[in-house]
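Trainee: this one's structure only:
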């Protein structure tokens, strides 16, 4: 339904949405995800990927050095779906010079 | 002299008659509030009152229990308990809990007059009152709230207007709750901002606990709306329900409405828990459904007030509760931005640890797994286990 990439400085570098979600809202959601990841690091429980389910909808976000990628799906997910998803996304981001590698 | 009093009762006519009588014990500045809702009364700040007259039996709770709680908070306030009868057991119980006077409910003007006289003697016994002292300067509520929110404070603002008083609860830089007798929530906040043309006396105290949350709007928007809304528009724009509610839980269907949703299980102290060979928990109290608890590093539960209600293998329980509640608040914001119901669960995958948060109507469960050993099946098992615990 929507996807966005936010730089490590919190700047919305790119986004797309096929629904009524505005760029401002996407930016806000991405920033909130960054805050969650940051809080996790502070707790010594660093994470690279987050999956949040809202009924049948799923928000997936992954944070790397370059920034945070976020995708909002109109379906549930599992590990296989996530693997497939990032297999599609990573080359696209890399073509734009963004590496979403997990340390 | 009586300066500020509160009548807490479920009987409206009696309250009005008593109010008129009590006003006669003070001067033109004396203010007597009436609160008909015992649950809402629990959120009031008793220290601001010289005198509190409360029924022995209230609709939603035992007045004597409420007396005990209030007396602890406001030891110098005078408390008058009003019972339907004057039996010795009730009288003893009332005085034991901190009442200064125990009276039978007056019926009729003559009885009310006599009751007021008795209360008058009580008030005169001690000229110095709880609320007396240096008067705070007149200020704009909006300015005080803005300053407190900008500094990220947690504060309780006791607001006194010419005719009424109320409280605004600010928690970590956000307005969580506002109330005055008869009204609470966002509507109450807007109304209070326009009391006496906006100029009131505000007393600030440090807030040491998480208040109930009836206001979800950010303080910036709240203050902008308060400024834009004229005092005349207020009554038409918002219904004065005066009911406390769990805003964050409203998205979930079937949520009960009580204003405090403490779940029954008591806090479990951290205890040594040997991992079972089959990968399930060895702790019997944790396995109440068909699904066993998978092997976890630690797990805990917080209620919708952010308080830890259950935990196992926790090194720092306060910190654990704080971080879970923090995620909960953040995900509530995300749900609002995405225009969806509240989140069901969140999984956080890390190189060394994995975490699963599961929300239900009464709280959030949080588990930490060792990443090398945790599988998708185990995480799903934890979610299933949580769902079974909720029932």
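Mentor: That came in fine, so what should we check first? This structure is a prediction, so every number in the text was calculated from the model and none was measured. Numbering: from 1, shown residues only, chains lettered A, B, ... in the order given.

Trainee: longest single helix anywhere in chain B?
Mentor: Using DSSP state H to define each element, chain B has its longest helix at helix B:317-338.

Trainee: now check that helix, is it near chain A?
Mentor: Yes: Helix B:317-338 is in contact with chain A by C-beta under 8 Å from any C-beta of the partner chain, via B:319, B:323, B:326-327, B:330-331, B:333-335, B:337-338. Every residue, glycine included, has its C-beta placed from N, CA and C.

Trainee: domain parsing for chain B?
Mentor: Here the domain parsing of chain B from automatic domain parsing is B:4-125, B:138-245, B:284-390.

Trainee: For chain A, which residues are neighbours of chain B?
Mentor: A:21, A:25, A:28-29, A:32-33, A:35-36, A:39-40, A:43, A:45-55, A:57, A:59, A:72, A:78-79, A:102-103.

Trainee: which residue ranges form the strands in chain A?
Mentor: Using DSSP state E, the strands of chain A run over residues A:2-7, A:12-17, A:49-54, A:57-63, A:67-73.

Trainee: Other residues contacting the first one?
Mentor: Outside of strand A:2-7, the residues within contact range by C-beta atoms under 8 Å, 6 or more residues apart in numbering or on different chains are A:12-19, A:21, A:23, A:26-27, A:29-31, A:34, A:66-72, A:93, A:98.

Trainee: Same check on the third one?
Mentor: With C-beta under 8 Å, 6+ apart as the test, strand A:49-54 has contacts from A:33, A:36-37, A:58-63, A:76-77, A:82, A:102, B:331, B:334-335, B:338, B:340-349.

Trainee: Mind checking which of these are buried?
Mentor: Neighbour-count burial within the contacts of strand A:49-54 applies to A:33, A:36-37, A:58-63, A:77, A:82, B:331, B:334-335, B:338, B:340, B:342-349; the criterion is 16 or more other C-beta atoms under 10 Å in any protein chain shown.

Trainee: Which strand or helix spans residue B:67?
Mentor: Assigned by DSSP states H and E, residue B:67 belongs to helix B:63-73.

Trainee: Give the buried residues for that helix.
Mentor: Those would be B:63-64, B:66-68, B:70-71, for helix B:63-73 by 16+ other C-beta under 10 Å.

Trainee: cool, stretch A:65-84 as well?
Mentor: In stretch A:65-84, counting by 16+ other C-beta under 10 Å, buried: A:66-73, A:77, A:82.

Trainee: Same question for stretch B:191-199.
Mentor: Quick answer for stretch B:191-199 (16+ other C-beta under 10 Å): B:191-195, B:198.

Trainee: what about residue B:323, neighbour count?
Mentor: A count of nearby residues for residue B:323, using other C-beta atoms under 10 Å in any protein chain shown, gives 21.

Trainee: ok, so what distance separates the residue nearest to it when sequence neighbours are not counted from residue B:7?
Mentor: Leaving aside its chain neighbours, residue B:323 sits nearest to residue A:43 (5.6 Å; criterion: C-beta to C-beta, 6 or more residues apart in numbering or on different chains). Distance from residue A:43 to residue B:7, counting by C-beta to C-beta, to the nearest Å: 48 Å.

Trainee: between the two, who's got more neighbours?
Mentor: With other C-beta under 10 Å as the criterion, residue A:43 and residue B:7 differ in neighbour count, and residue B:7 comes out ahead with 25 against 18.

Trainee: just checking, the more buried one is part of a strand?
Mentor: Yes: under DSSP: H, G, I helix; E, B strand; the rest coil, residue B:7 falls within a strand.

Trainee: residues contacting it?
Mentor: B:15, B:18-19, B:22, B:32-35, B:53-54.

Trainee: rewinding a little: next, format the strands of chain A as TSV and append mean pLDDT.
Mentor: Output for these, formatted as TSV (pLDDT from 0 to 100):
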stretch	mean pLDDT
strand A:2-7	89
strand A:12-17	85
strand A:49-54	94
strand A:57-63	93
strand A:67-73	92
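
Trainee: and those as a markdown table, adding distance to residue B:171?
Mentor: Compiled in a markdown table, the strands of chain A are given as follows (distance: least, C-beta to C-beta, whole Å):
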| stretch | distance to residue B:171 |
| --- | --- |
| strand A:2-7 | 28 |
| strand A:12-17 | 29 |
| strand A:49-54 | 24 |
| strand A:57-63 | 26 |
| strand A:67-73 | 27 |
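
Trainee: Can you give me the distance of the nearest residue to residue B:198 once chain neighbours are set aside to residue B:307?
Mentor: Using C-beta to C-beta, 6+ apart and skipping the chain neighbours, the partner closest in space to residue B:198 is residue B:140 (5.2 Å). From residue B:140 over to residue B:307 the distance is 34 Å, taken as C-beta to C-beta.

Trainee: quick one, longest helix in chain A?
Mentor: Per DSSP H, chain A has its longest helix at helix A:23-42.

Trainee: what does that helix contact?
Mentor: Applying C-beta under 8 Å, 6+ apart, the contact partners of helix A:23-42 are A:2, A:4, A:6, A:10, A:12, A:15, A:17, A:46-47, A:50, A:59, A:61, A:63, A:68, A:70, A:72, B:323, B:326-327, B:330-331, B:333-334, B:337-338, B:348, B:350, B:355.

Trainee: repeat for stretch B:325-334
Mentor: Stretch B:325-334 is touched from outside by A:28-29, A:32-33, A:35-36, A:39, A:52, A:59, B:210, B:216, B:248, B:302, B:306, B:342-343, B:346, B:357, B:359, B:364, B:366, with contacts defined as C-beta under 8 Å, 6+ apart.

Trainee: In ChimeraX, how would I select the buried members of these?
Mentor: Buried subset of the contacts of stretch B:325-334, written as a ChimeraX selection, criterion 16+ other C-beta under 10 Å:
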select /A:28,29,32,33,36,52,59 /B:210,216,248,302,306,342,343,346,357,359,364,366
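
Trainee: quick one on the thing from earlier: could you redo the buried residues of helix B:63-73 as a markdown table and give each row distance to residue B:372 and pLDDT?
Mentor: Below are the buried residues of helix B:63-73 laid out as a markdown table (distance: C-beta to C-beta, whole Å; pLDDT from 0 to 100):
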| residue | distance to residue B:372 | pLDDT |
| --- | --- | --- |
| B:63 | 57 | 84 |
| B:64 | 56 | 83 |
| B:66 | 53 | 81 |
| B:67 | 56 | 85 |
| B:68 | 52 | 79 |
| B:70 | 54 | 80 |
| B:71 | 55 | 78 |
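
Trainee: Adding distance to residue B:116 as columns, could you present these in JSON lines?
Mentor: As requested, the buried residues of helix B:63-73 are arranged in JSON lines below (distance: C-beta to C-beta, whole Å):
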{"residue": "B:63", "distance to residue B:116": "20"}
{"residue": "B:64", "distance to residue B:116": "23"}
{"residue": "B:66", "distance to residue B:116": "22"}
{"residue": "B:67", "distance to residue B:116": "20"}
{"residue": "B:68", "distance to residue B:116": "25"}
{"residue": "B:70", "distance to residue B:116": "21"}
{"residue": "B:71", "distance to residue B:116": "22"}
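
Trainee: how about the residues you listed in a markdown table, adding distance to chain A?
Mentor: Below are those laid out as a markdown table (distance: C-beta to the nearest C-beta, whole Å):
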| residue | distance to chain A |
| --- | --- |
| B:63 | 43 |
| B:64 | 43 |
| B:66 | 38 |
| B:67 | 41 |
| B:68 | 38 |
| B:70 | 37 |
| B:71 | 40 |
